[in-house]
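Chemist: sequence plus the predicted model coming up.
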Amino acid sequence: MRAKLLRASPTKSRASMPDFIEPQLATLAPDTPTGPRWVHEVKFDGYRAQVRVERGGVTISTRRGHDWSSRFADIAKAARLLPDCIIDGEAVVLDSQGRTDFSALQSALASGKTKAIVLFAFDLLFLKGRDLRRAPLLERKEALLKLFDEHAKQFEARIRYSEHFTVAGAQMHASACAMGLEGVVSKRINAPYRSGRNESWIKSKCGERETLVIGGWRETAGRIQSIAMGQFRGKGFEYVGKAKTGFQNQQDDLRPRLVAVELAHIPFTKGRPEGKEGQRWCKPVLEAEISFTAWTHSRHIRHAKFLGLREDQAPPVQPARRPASGKAKGRNIQRLLEDAEIPSDEALQAYWKRVGTRALKYLARRPLTLVRHERGRVFFHTGVLPTVPKAIHTLTIAKREGGEGTRIWVDSVAGLVALPQLGVIEVHPWNSTIDDVEHPDQMVFDLDPGDGIPWEFVQDTALNLRDWLKEEHGLKSWPKATGGKGLHLMVPLDLTRTHDEVRDWSHTLVGAFARKDRRYTVLSSLAARPNHLFLDYLRNGRGTTAVGTYSPRARPGFPIALPLTWTQVEKGIRSDERSIDFNG
């Protein structure tokens, strides 16, 4: 049953048309949600496509913002008579049963025979000078359906409306799987459109699917027999298994792509496929869509099938390796935050206006490490920044490994409000100020609970550590909510120690305190975390940082880091209770 549509009431004020909107992404869940707040759509097996029409000119962008207008030329032609708008959808090829076929889409793009490619449109983000992203989902869908009713003839089935359903989640999922579909995307009916991955869209799959990175292949007589797959985990590229089927009809396109990035040595830092005969290696830069039956306990894939290369996304981000010269490779992405969620720039600016004066007490005149978003990715930034607004200042700092780097800093509310112009979500300040970069004026202890550690134990540890630091070492401290699952103890310092000296001192302190309870650990490895509270002293090195006080977090609900009182800690306030809606 198709959902009942609500009366549309998007904002009436005219807005400038964005060049590209970072797509909203669904969060994977084991079960399909149900209830009156949800509608369900078919999960399409294709390439995400954003159609932007302005004055008859059509641009079609992939999920990462790459311009594929020429590759989807027939869809672009069908859209050219639309009014100014931005449509979110999926480009697919349908099989004889009406199901989407990713391999057929790959073949069509490789051969240039794209007549079979169609677009299923499921959201409308902009229309005739109106930004619809703040409107509830069903209001956007109603506006989209009206657009289809007005222009159906010109679409010639190249562009189709994606229906949505109000049946129970389990029933929708069972029907989709019985039809051989990839799965279901469930959406909250009253939610606005939010770029990035969040939980107002939930995807549930009928089988296991993953985008993996190719690290090599085995061939016989110039024909591919299997493909070795891997994932970037931590600082390494780990082998996760091989696909032996699915590529037979793509040999002529796939093998030259692999040969073009061939390596003389194995790229995997952990694991490798069995056997050596016919094995060849390649740079881990080609992503592939893989279906498989399950993950093993050792995190390997079983019964994998190659579906096609993922050409709509940017190359995978590899861990930065330091070359022999000792100079770090310049990359804007230091570390990706895969499950991050992104508040709107407007919400961030409004938040900084409310709390800016208070936040400056903790953030002003400190070099800032940034968590930014750009073209659908959220990451810790490194390297060159976009053009910096006038209200934000820059500082050149000598790098530990040699050379110079640039950090930004602020000293005004206007500077904080300008941060979203750079795509900044989180700020992580240095423990020193720009007035004396090499001598920190604060020390941070991060109480980070592993699985199995209750909040009450974190709370008691913070109070006990406060007392121990004061009684044994004469150190005063104040507590800070992190916007996550732990607490920070902030210790003010005089300017007599270097960063390295403070780091070593903090290590000595937590090492002594950790002997008080076997549930404490000072080891940073993930294996040491379950059922332990990690007393993290590593935030005290030069250039290593903790989330800033009053900084928003790129997490569901957009919690904030916040200064607390010891009375609040005693009462059990949790670290993620406040969000960017905070005005206290």
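Modeler: Perfect, thanks for sending it. Numbers count the residues shown, from 1 in each chain.
Chemist: in contact with E341, which residues are there?
Modeler: R194, G196, R197, N198, E199, A554, R555, P556, F558 (Cβ atoms under 8 Å, 6 or more residues apart in numbering). Every C-beta, even on glycine, is put in place using the N, C-alpha and C of the backbone.
Chemist: rerun at 6 Å
Modeler: Residues near E341 by Cβ atoms under 6 Å, 6 or more residues apart in numbering: G196, N198, P556.
Chemist: per-residue pLDDT of the residue lying closest to it once chain neighbours are set aside, please?
Modeler: Of all residues not flanking E341 in the chain, N198 sits nearest, at 4.2 Å (Cβ to Cβ, 6 or more residues apart in numbering). If you check N198, the pLDDT there is 83.
Chemist: just give the number of residues close to N198.
Modeler: Per other Cβ atoms under 10 Å, the neighbour tally for N198 reads 23.
Chemist: what sits up against the helix or strand harbouring it?
Modeler: Using DSSP states H and E, N198 falls within strand 196-205. With contacts defined as Cβ under 6 Å, 6+ apart, strand 196-205 is touched by 24-29, 32-33, 43, 173, 183-188, 191, 339, 341-342, 556.
Chemist: which among the residues you listed end up buried?
Modeler: Buried residues within those, counting neighbours by 16 or more other Cβ atoms under 10 Å: 24-26, 32-33, 43, 173, 183-188, 191, 339, 341-342, 556.
Chemist: in space, what's closest to the residue nearest the centre of the chain - neighbours in sequence excluded?
Modeler: Centroid-nearest residue in the chain, with Cα atoms, centre = their mean: E338, separated by 3.4 Å. Once flanking residues are discounted, E338 sits nearest to R197: 7.8 Å by Cβ to Cβ, 6+ apart.
Chemist: how close does that neighbour get to A26?
Modeler: 7 Å (Cβ to Cβ, to the nearest Å).
Chemist: what of L82?
Modeler: Counting by Cβ to Cβ, the gap from L82 to A26 is 26 Å.
Chemist: K77 and R52, how far apart?
Modeler: Counting by Cβ to Cβ, the gap from K77 to R52 is 15 Å.
Chemist: quick one, which of those two is more surrounded?
Modeler: Comparing K77 with R52 by other Cβ under 10 Å, the one with more neighbours is R52, at 23 against 13.
Chemist: show me where the stretch 451-584 of the chain has strands.
Modeler: Under the criterion DSSP state E, counting those that start in this stretch, strands of the stretch 451-584 of the chain are mapped to 478-481, 487-492, 520-521, 533-536, 562-563.
Chemist: got these as JSON lines, with mean pLDDT and mean neighbour count columns?
Modeler: Putting the strands of the stretch 451-584 of the chain into JSON lines (pLDDT from 0 to 100; neighbours: other Cβ atoms under 10 Å) gives the following:
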{"stretch": "strand 478-481", "mean pLDDT": "96", "mean neighbour count": "22"}
{"stretch": "strand 487-492", "mean pLDDT": "97", "mean neighbour count": "20"}
{"stretch": "strand 520-521", "mean pLDDT": "90", "mean neighbour count": "20"}
{"stretch": "strand 533-536", "mean pLDDT": "92", "mean neighbour count": "22"}
{"stretch": "strand 562-563", "mean pLDDT": "96", "mean neighbour count": "20"}
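Chemist: ok, which of those comes nearest E577?
Modeler: strand 478-481 (7.2 Å; Cβ to Cβ).
Chemist: so which elements touch the helix or strand following the strand holding N198?
Modeler: Sequence-wise, the next helix or strand downstream of strand 196-205 (DSSP H and E) is strand 208-220. Counting contacts by 3 or more Cβ pairs under 6 Å, 6 or more residues apart in numbering; DSSP states H and E, strand 208-220 packs against strand 223-233, strand 279-282, strand 287-292.
Chemist: now with 7 Å, please.
Modeler: Where contact means 3 or more Cβ pairs under 7 Å, 6 or more residues apart in numbering; DSSP states H and E, strand 208-220 is packed against strand 223-233, strand 236-245, strand 279-282, strand 287-292.
Chemist: alpha carbons of it, as CSV, please.
Modeler: C-alpha atoms of strand 208-220 as CSV (Å, rounded to 0.1, in the frame of the first residue of the first chain):
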residue,chain,number,x,y,z
GLU,A,208,25.5,-9.4,2.5
ARG,A,209,27.0,-6.7,0.2
GLU,A,210,30.2,-4.7,0.7
THR,A,211,32.4,-2.3,-1.2
LEU,A,212,35.9,-3.8,-1.0
VAL,A,213,39.2,-2.8,-2.4
ILE,A,214,41.1,-5.0,-5.0
GLY,A,215,44.6,-6.0,-4.0
GLY,A,216,45.4,-8.5,-6.7
TRP,A,217,44.2,-11.2,-9.0
ARG,A,218,45.0,-14.6,-10.3
GLU,A,219,45.0,-15.4,-14.0
THR,A,220,45.5,-18.2,-16.4
